[in-house]
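Student: Next comes the sequence, and after it the predicted model I'd like to discuss.
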Amino acid sequence: MTDVDTASSARPPAPNVRLESEELNPAFVAAIAAAVSRSDGDGLAQLIQDLHEADVGALIEALEPDDRPRFILLLGSRFDFTALTEVDDAVREAVLAELPQDAIVEGVAELPIDDAVYILEDLDSDEKDEILDRLPSPERVALQRSLDFPEESAGRRMQTDFVAVPPFWGVDQTQRYLRETADLPEAFSELFVVDPRYRLVGSVPLDKLLRASRNTRIGELASEDRHRVRATDDQEDVARLLQRYNMLSVPVVDDGDRLVGVMTVDDVVDVIQDEADEDLKALGGVRGEEELSDSVWYITRSRFSWLFVNLVTAFVAASVLDVFKGQLQQMVALAVLAPIVASQGGNAATQTMTVAVRALATRELTRSNALRVVWREVRVGMLNGFGFAVLTGAIASLWFDSIGLGLVIGCAMVINMLAGALGGILIPLVLDRYRADPAVSSGVFVTTVTDVVGFFAFLGIATLWFGLS
């Protein structure tokens, strides 16, 4: 049966052919696109039946841009808007711009607060306000409260669905409440104990609740939450807290210590991934928000600025060569070997810089251990410098039949590898000290240092050694 036949049959393929090694089967995507072109909503519902929202998100990205909003509208109430939290920001914004406001309101109303915030926060303020005004009062108030917190804060990421009970309840009453209450969260691992003003007293894990005597008061079981976080705390700091102490969740309180939400480990997995992705892109001079789905013009504009800075620093390094142009004309070998010294120092600096930037981002590199780490990198730079000095010196001596040239490049290699190690660790530390993002800014400065020092060291030592002028 051909792909066309499969699409026209409108029968869902077997579950094992929808995904191949966690990727969507191209034939399955083609069947979805064919159903969209036929406006076959029932066929679409059959095709994506029981498909996880993450895979539905991948499916939306795989469709042509014009088919994405049609896909959602054809499914109607059968479409889970959670899938829109799994797509690139650019795709989500484009899809929401094409959807009728009624569809957005209906879809957002069914979402947990943290997912609804994730979808709404990137909309224009006017459109966001219009959607909020059309939501039922409880959902509107909860959403507005979360949206009022700063971007990338715990208040934006937290879930507002949690279980809270007073400390004077007994275990028996609490268990009955959990059994008989219909609107509890779908999944939770602990309940929180609050006083009459909703200030957080502590928490009780479910396993502890199940093992306790029926007449025991909940307040006696509650353990004080030493790791509560503020709603205004940075989401990355909260993610690091959960990671460090192997916690499944952490309560979120406001400035009055009133419980307002909870952040769970599945929330911070996304945070950790987003922050790591942002740092990795920044090391390459790419904006953290750049996505594969962005337009050519947007990507061009976003990358141009740092490419321009790189061009300026390249001219700075080239000016060093201009200073020694007379020596380069007298001895062509210098022009051949100079880039090797600069390049090797730059590579060593990039290695050090990558480790330093990541350690700063995860708070592993701090003022308390900075000197020890700097001294370690200096020793690594010196050892690598001496090792490559021997290698490059031997190769240069044999290549140009000059022992002196081998000694010159060997000395320059040690100097530049040491400069690369120092630059790779000190520049990120200085930038972080003055609250500049080291992931974004370090690369340009580190490369400039190793180019300038490498050229100066090699050509300067050669000028002295060979008596060039």
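Tutor: That came through, no problem. Residues are numbered from 1 along each chain as shown.
Student: so the residue nearest the centre of the chain, which of the three states?
Tutor: The centre of the chain sits closest to D274, judged by CA atoms, centre = their mean, with a distance of 1.8 Å. What DSSP: H, G, I helix; E, B strand; the rest coil gives for D274 is helix.
Student: how close does it get to L191?
Tutor: Distance of D274 to L191, computed by CB to CB, to the nearest Å: 29 Å. For the C-beta atoms, the positions are set from N, CA and C on the backbone; glycine is no exception.
Student: Check L75 too.
Tutor: Distance, L75 to L191, using CB to CB: 36 Å.
Student: Show me which of those two is the more surrounded one.
Tutor: Just comparing L75 and L191: by other CB atoms under 10 Å the higher neighbour count belongs to L191, 23 against 18.
Student: In space, what's closest to the more buried one - neighbours in sequence excluded?
Tutor: Among residues not flanking L191 along the chain, V163 sits closest, at 4.1 Å (CB to CB, 6 or more residues apart in numbering).
Student: What helices and strands are in contact with whatever helix or strand L398 lives in?
Tutor: Here L398, judged by DSSP states H and E, is contained in helix 370-400. Counting contacts by 3 or more CB pairs under 8 Å, 6 or more residues apart in numbering; DSSP states H and E, helix 370-400 packs against helix 332-361, helix 403-433.
Student: can you put those in CSV and add mean neighbour count, distance to D294 and mean pLDDT?
Tutor: Listed next are those as CSV, based on neighbours: other CB atoms under 10 Å; distance: least, CB to CB, whole Å; pLDDT from 0 to 100:
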stretch, mean neighbour count, distance to D294, mean pLDDT
helix 332-361, 21, 24, 89
helix 403-433, 23, 27, 93
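Student: would you turn those into JSON lines with distance to E23?
Tutor: Output for the helices and strands packed on helix 370-400, formatted as JSON lines (distance: least, CB to CB, whole Å):
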{"stretch": "helix 332-361", "distance to E23": "28"}
{"stretch": "helix 403-433", "distance to E23": "36"}
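Student: Among these, single out whichever gets nearest to D133.
Tutor: Comparison of those against D133 by CB to CB identifies helix 332-361 as nearest, at 39.3 Å.
Student: quick revisit: the helix holding L398 vs helix 332-361, what angle?
Tutor: Using axes from the mean of the first three to the mean of the last three CA atoms, to 10 degrees, the direction of helix 370-400 lies 160 degrees away from that of helix 332-361.
Student: and L209, how many residues sit next to it?
Tutor: Counted with other CB under 10 Å, L209 comes out at 18.
Student: Just the pLDDT at it, thanks.
Tutor: L209 carries a pLDDT value of 94.
Student: do the one 3 residues further on as well
Tutor: According to the predicted model, the pLDDT of A212 comes to 93.
Student: which residues touch it?
Tutor: Counting by CB atoms under 8 Å, 6 or more residues apart in numbering, A212 makes contact with V171, L221.
Student: Then the one 3 residues further on?
Tutor: The contact partners of N215, taken as CB under 8 Å, 6+ apart, are G170, V171, D172.
Student: and the residue nearest to L191, how many residues sit next to it?
Tutor: The number of residues packed near V163 is 18, by other CB under 10 Å.
Student: before we move on, what about T313?
Tutor: 17.
Student: Now the helix or strand harbouring it: buried residues?
Tutor: For T313, the host element (DSSP H and E) is helix 296-323. Buried positions in helix 296-323, judged by neighbour count with 16 or more other CB atoms under 10 Å: W306, V309, T313, A317, V320, L321.
Student: Hmm, the last one is touching A338, no?
Tutor: Yes: with contacts defined as CB atoms under 8 Å, L321 counts as touching A338 at a distance of 7.2 Å.
Student: Common neighbours of these two, please.
Tutor: Counting by CB under 8 Å, 6+ apart, the contacts common to L321 and A338 are L328, F455, L459.
Student: all strands of this protein, in order?
Tutor: Secondary structure of the chain (DSSP state E): strands at 19-20, 23-24, 164-165, 190-194, 200-205, 229-230, 249-253, 259-264.
Student: Which one, of the ones you listed, ends up nearest to S343?
Tutor: Closest of the strands of the chain to S343 is strand 23-24, at 37.4 Å (criterion: CB to CB).
Student: other SSEs contacting that closest one?
Tutor: Checking 3+ CB pairs under 8 Å, 6+ apart, strand 23-24 ends up next to helix 53-62.
Student: just how off-centre is the helix it packs on within its chain?
Tutor: 19 Å (CA atoms, centre = their mean, to the nearest Å).
Student: Can you give me the buried ones in that helix?
Tutor: Neighbour-count burial for helix 53-62, counted by 16+ other CB under 10 Å, picks out E53, D55, V56, G57, A58, L59, I60, E61, A62.
Student: count of neighbours near Q101?
Tutor: A count of nearby residues for Q101, using other CB under 10 Å, gives 12.
Student: In contact with it, which residues are there?
Tutor: Going by CB under 8 Å, 6+ apart, Q101 touches E127, E130, I131, R134.
Student: In ChimeraX, how would I select the buried members of those residues?
Tutor: Paste this into ChimeraX to select the buried members of the contacts of Q101, with burial taken from 16+ other CB under 10 Å:
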select :131
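Student: could you redo the contacts of Q101 as JSON lines and give each row pLDDT?
Tutor: Shown next, in JSON lines, are these (pLDDT from 0 to 100):
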{"residue": "E127", "pLDDT": "89"}
{"residue": "E130", "pLDDT": "91"}
{"residue": "I131", "pLDDT": "92"}
{"residue": "R134", "pLDDT": "92"}
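Student: what's the closest of the contacts of Q101 to V374?
Tutor: Checking these against V374 with CB to CB, the nearest one is E127 at 50.1 Å.
Student: now the shared contacts of L321 and A338 in TSV, with distance to A436?
Tutor: Formatted as TSV, those follow (distance: CB to CB, whole Å):
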residue	distance to A436
L328	36
F455	26
L459	32
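Student: With respect to pLDDT, which of the residues you listed ranks lowest?
Tutor: L328 (82).
Student: Neighbours of that one, how many?
Tutor: Using other CB under 10 Å, L328 has 19 other residues around it.
Student: so how far is D267 from the residue nearest to the centre of the chain?
Tutor: 11 Å.
Student: okay, the angle between the helix holding L398 and helix 403-433?
Tutor: For helix 370-400 against helix 403-433, the angle by the same axes, to 10 degrees is 150 degrees.
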